[in-house]
Structure formats: structure tokens, C-alpha cells
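[1] Sequence isn't available, so here's the structure alone:
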């Protein structure tokens, strides 16, 4: 399978690339600085940014992806999830909008997007304490961006999967629990390892099981 990954230089994106290559897929990563990416057999890196439609069109022309996986996240002032966001308010929305536009020109490949528990329909299932914390912190700006991604991607008619992990932690792939009804019942302190999310994203890319759904996942 030919896979294009957006956000492949990030911590989760690099793990997704490793899983894809282990499963013998052909991988292209669109990154700002290819020199920061490790050389790996089966991986092609292309310089560019998803916020520029011409860069997206160029990478689609050369890689002809069957699936696009998006692990993009907004840059922050520090590694803290509560640090100030130092990117445009529509970084994810504009990037995915460009992906959607170009997919319509290239036989509509599926788009698998990493989001977070609490985005869109799953917001109502977050505890009141967590909702208040999100609203009072810089995290809400990224949630607002992901909400736009959800709304606009659904309207586009393209085939999508929105993967919504709860509280990412470092670690290898473990058994994943899916929560029905947009995450109803997810414990406030529930977590999921980054390795688990990477594996689930690839599983969603390979299978039609989760097409046009938004699975909420924890370990």
C-alpha cells in the first residue's frame, strides 16, 4: 500500500512510519526539513508544508498515495501540552483542507487523522473537571482546530477515520480498548501509549473497519 504521512517528523508520526515499514508499505513523508528524518528503506521524504496546496499537489503527483495518515500537531512554546500554541489557529484545518482538495484530484484516497478524546462529538463525554481544564488552558485552541477538521472533512464527502486517543503517554504498543458512543465512560485518568496509537492508525489505514467513524481509544 502506498501511504503519505503528514506530520511524520513528530513523535507519533515517526512511530507510524516504523509500523508502516515493518508491514512492507511504501511510505512518503511530507516534512519541512527532510534532513531531520532518518534514512530508512522504503521511506521517501519530500520537503514541503501541508499548508501550501502546491506542495500537497506535488507530493501527491509523485507518490500517488492510497491512504493519507495525518499526525500533525500544533507547535508549542515548550513540550508541555498546556504551553502556548505558536502556530496559526487553523493549522490542522487548513492542512487537512488541502489534503481533501488534492484527494479529489487523485482518486480519493482515504484520510486517517489523529485527533484527541474530547474533539467534536466526544466532548460531551469528557468529565466536567476536564472540560473546565481544557477551556481554561491553551489546549482549547488545538481542540477548536480539530473541531474544524471534523466538520469540514465530513462535509467534503471523503472517506475518513478520526482516531481519538485519551491522554497520550510514551510507551510501546499495548492492547487497545475502544469506547463506544463517542467515548462514553472513558475514565478521567485513562491513558494510551504512543506506540498503541501508531499501531491503531496503521490498522485503520489498512482496514475498512473504522471508515467514516471516530473511534475513542485507551489502553
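    All right, it came through fine. Everything numeric here is computed off the predicted structure, so don't read it as measured data.
[2] tell me the secondary structure for the nearest residue to residue 131 once chain neighbours are set aside?
    Leaving aside its sequence neighbours, residue 131 sits nearest to residue 123 (Cβ to Cβ, 6 or more residues apart in numbering; 7.2 Å). Every C-beta, even on glycine, is put in place using the N, C-alpha and C of the backbone. Judged by DSSP: H, G, I helix; E, B strand; the rest coil, the three-state class of residue 123 is helix.
[3] Can you report how many residues lie near residue 123?
    By the criterion of other Cβ atoms under 10 Å, residue 123 has 16 neighbours.
[4] Name the SS class of residue 155, please.
    Secondary structure for residue 155, judged by three-state DSSP, is helix.
[5] heads up, I number from 27, so please use that
    Got it, first residue is 27 now, which makes that one residue 181.
[6] From residue 126, how far off is it?
    Distance of residue 181 to residue 126, computed by Cβ to Cβ, to the nearest Å: 9 Å.
[7] who's more crowded, the two?
    More crowded of residue 181 and residue 126, by other Cβ under 10 Å: residue 126, with 21 against 9.
[8] My read is that the more buried one contacts residue 177, right?
    No: using Cβ atoms under 8 Å, residue 126 is not in contact with residue 177; the gap is 12.0 Å.
[9] ok, and the helix or strand in the chain with the lowest average confidence?
    helix 154-161 (a mean of 88; mean pLDDT, DSSP states H and E).
[10] Check which helices and strands that helix sits against.
    helix 165-182 (3 or more Cβ pairs under 8 Å, 6 or more residues apart in numbering; DSSP states H and E).
[11] quick one: the closest residue to residue 140 other than its chain neighbours from residue 157, how far?
    Leaving aside its sequence neighbours, residue 140 sits nearest to residue 97 (Cβ to Cβ, 6+ apart; 4.8 Å). Distance of residue 97 to residue 157, given as Cβ to Cβ: 25 Å.
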